[in-house]
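>>> Here's my sequence, what's the structure:
(one chain, ligands or ions: 2)
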Amino acid sequence: MNNFAMIILGASGDLTKRKLMPALYSLHKDGRLTGGYSILGIGRTPYSDEDYRSYILAELRQFVKSEEQSEELMSSFVSHLYYLSMDPAEAEGYALMRQRLVDLTGDEQPDNLLFYLATPPSLYGVVPLHLKKAKLNSPHSRIIVEKPFGYDLKSAQELNKIYVSVFAEHQIYRIDHFLGKETVQNVLAFRFANGIFEPLWNRNYIDYVEVTAVENLGIEQRGGFYENAGALRDMVQNHLIQLVALTAMEPPAVFNADTFRNEVAKVYESLTPLTEVDFNEHIVRGQYTESGSKKGYREEKGVAPDSRTETYIAMKLGISNWRWSGVPFYIRTGKQMPTKVTEIVVHFRETPHQMFHSAEGKYPRANKLIMRVQPNEGVVLKIGMKVPGAGFEVKQVMMDFSYDQLGGLPGGDAYARLIDDCIQGDPTLFTRSDAVEASWRFFDPILRFWKNNQDAPLYGYPAGTWGPLESEAMMQEHGAEWTNPCKNLTNTDQYCEL
Ligand SMILES: NC(=O)C1=CN([C@@H]2O[C@H](COP(=O)(O)OP(=O)(O)OC[C@H]3O[C@@H](n4cnc5c(N)ncnc54)[C@H](OP(=O)(O)O)[C@@H]3O)[C@@H](O)[C@H]2O)C=CC1
Ligand SMILES: O=C1O[C@H](COP(=O)(O)O)[C@@H](O)[C@H](O)[C@H]1O
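Ligands and ions are numbered 1, 2, ... in the order given. As a prediction, this is how the structure comes out:
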């Protein structure tokens, strides 16, 4: 690839050092970035090119897996980095940005120019307008915009209007890094590359579905950001609902960016609109409180002492179509949970009649399929089997696939895959404008309900626990319960097997 240039706005930030630079290094290491490419970092913090290279080199040593570190490759990678100190919120710096680009590429309009918007979301609207004014929005350029894309439906619609006034839709890449995860993409392969599951994949055989993405860390250094976001905007409106879409979507006739994204958008459009009953009974929000050595959310830096921002949310969704009518999808996310796990659990209906007994007292009537996104990535099917010996005792066992059987997951993470796709001009795994808006359209009423009902319940849960008990109660209405890996975990950094 000739003449590739990337401009990262927000290059002194957390995302750049922890995710973007390790991903770009991984592409460099794998020979995916060839030729004399340049990466220009933009931020207000003053760095010379040399200082910026040293800073990023030090961060790579911290954030790249040790087995993938090579001093030689890391040094050659950082030699492609440059830095320009300017405020991306202000128009005047953009002429300098343009000049710097010409100096680096020898070209006013490089063949392959990629902007990465990694600034605070408050700048997402203004940056494209400045790029347009400085004539940096050439037809050869693309822009990746970080999440959250919008703060609510109205702001997402306004942002979409701005972006399409500057770039064509095919130049706009709204990133949701969950879609870059190998194991998330594998949900599609699992469903559509195997004939045996699809006939069962509907309301006749599936009782309910759980989607969980919980973390054992708090908000870290991101108090300022998180206070204005909360778990619904940070995780649910984008990542969790993507997982729901992949689980629930219809198979596209062919697999390409348009057909795949059409089916995702259809799922969002089929989400059953929430009612007052749902707000009160089918949504549980929580906030972690101090426990042992773990701080409570309200004690975190940048958080108001009386904050009502949710760090946990569990909710019941419905999908109003022929395939899913009446099947609840229970989704949840939370900070400061006992472990980090992201998984989709499909609960099949029980056998209609029981013939066997279980010495465990509980006959495992229902099969369960667990698609584990992270960690211990793999797929597990729980099935009942006869215990060897006298009688007919049945016990639940696992048929499992682990990525280790395929030699493990590739080194580059989700960001590497997605940046590479964008460079190649493939938008399949990026969110289209109609899907973003459809998702906001569904979640917006919850935000409005919380805003208008300041006393709506927000339950405290001790840091390191599975969240408010009310979320269990919500599922009991369906005779269901959350699958909590490691229910009795004592060491919260540990992660146990399924
Ligand atoms: N961090 C993460 O894990 C994730 C982040 N994101 C998204 O990525 C984006 C960047 O996040 P993150 O890197 O954590 O944020 P940070 O606040 O760490 O970094 C943003 C950078 O933008 C720069 N900046 C430029 N102009 C301004 C301005 N006017 N006001 C404030 N900062 C400015 C700041 O650098 P300087 O002061 O030098 O100008 C800062 O380093 C956010 O939208 C976030 O939602 C998404 C997923 C995960
Ligand atoms: O986008 C985000 O995702 C991370 C979780 O991502 P993962 O790949 O580590 O599972 C979350 O911690 C963060 O709050 C959110 O902004």
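>>> buried set for stretch 440-457?
Counting neighbours by 16 or more other C-beta atoms under 10 Å, one finds that the buried residues in stretch 440-457 are 440, 441, 442, 443, 444, 445, 446, 447, 449, 450. C-betas here are computed from N, CA, C, even on glycine.
>>> same deal with stretch 244-258?
Judged by neighbour count using 16+ other C-beta under 10 Å, the buried positions of stretch 244-258 are 244, 245, 246, 247, 248, 249, 252, 257.
>>> Now intersect those with the helices, please.
Members of the buried residues of stretch 244-258 lying in helices (criterion: DSSP state H): 244, 245, 246, 247, 248, 257.
>>> Kindly indicate which of those residues lies nearest residue 28.
Top of the list for closeness to residue 28, among these and by C-beta to C-beta, is residue 257 at 25.9 Å.
>>> Out of the buried residues of stretch 440-457, which sit inside helices?
Restricting these to those inside helices, with DSSP H as the criterion, leaves 440, 441, 442, 443, 444, 445, 446, 447, 449, 450.
>>> Turn the residues you listed into JSON lines, columns for pLDDT and distance to ligand 1.
Output for those, formatted as JSON lines (pLDDT from 0 to 100; distance: C-beta to the nearest ligand atom, whole Å):
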{"residue": "440", "pLDDT": "98", "distance to ligand 1": "16"}
{"residue": "441", "pLDDT": "98", "distance to ligand 1": "21"}
{"residue": "442", "pLDDT": "98", "distance to ligand 1": "20"}
{"residue": "443", "pLDDT": "98", "distance to ligand 1": "17"}
{"residue": "444", "pLDDT": "97", "distance to ligand 1": "19"}
{"residue": "445", "pLDDT": "97", "distance to ligand 1": "23"}
{"residue": "446", "pLDDT": "97", "distance to ligand 1": "20"}
{"residue": "447", "pLDDT": "96", "distance to ligand 1": "17"}
{"residue": "449", "pLDDT": "97", "distance to ligand 1": "24"}
{"residue": "450", "pLDDT": "96", "distance to ligand 1": "20"}
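>>> Next, give me the two most distant ones among those residues.
In terms of C-beta to C-beta, those reach their longest pairwise distance at 441 and 450, which sit 16.6 Å apart.
>>> For the residue in the chain positioned nearest to ligand 2, give its distance to residue 309.
Using C-beta to the nearest ligand atom, residue 234 is the residue of the chain that sits closest to ligand 2, at 4.8 Å. Separation of residue 234 from residue 309 (C-beta to C-beta, to the nearest Å) stands at 10 Å.
>>> which residues do the two both contact?
With contacts defined as C-beta atoms under 8 Å, 6 or more residues apart in numbering, the residues shared by residue 234 and residue 309 are residue 226.
>>> so what strands line up beside the lowest-mean-pLDDT helix or strand in the chain?
Of all helical and strand segments in the chain, the minimum by mean pLDDT, DSSP states H and E falls on strand 394-402, at a mean of 87. Strand partners for strand 394-402, identified by DSSP bridges, are recorded as strand 378-386 (antiparallel).
>>> Could you pull out the buried residues of the strand it pairs with?
By neighbour count on 16+ other C-beta under 10 Å, the buried set for strand 378-386 is 378, 379, 380, 381, 382, 384.
>>> quick one: which of the residues you listed is nearest to ligand 1?
Taking C-beta to the nearest ligand atom as the measure, residue 378 is the one of the buried residues of strand 378-386 closest to ligand 1, at 24.8 Å.
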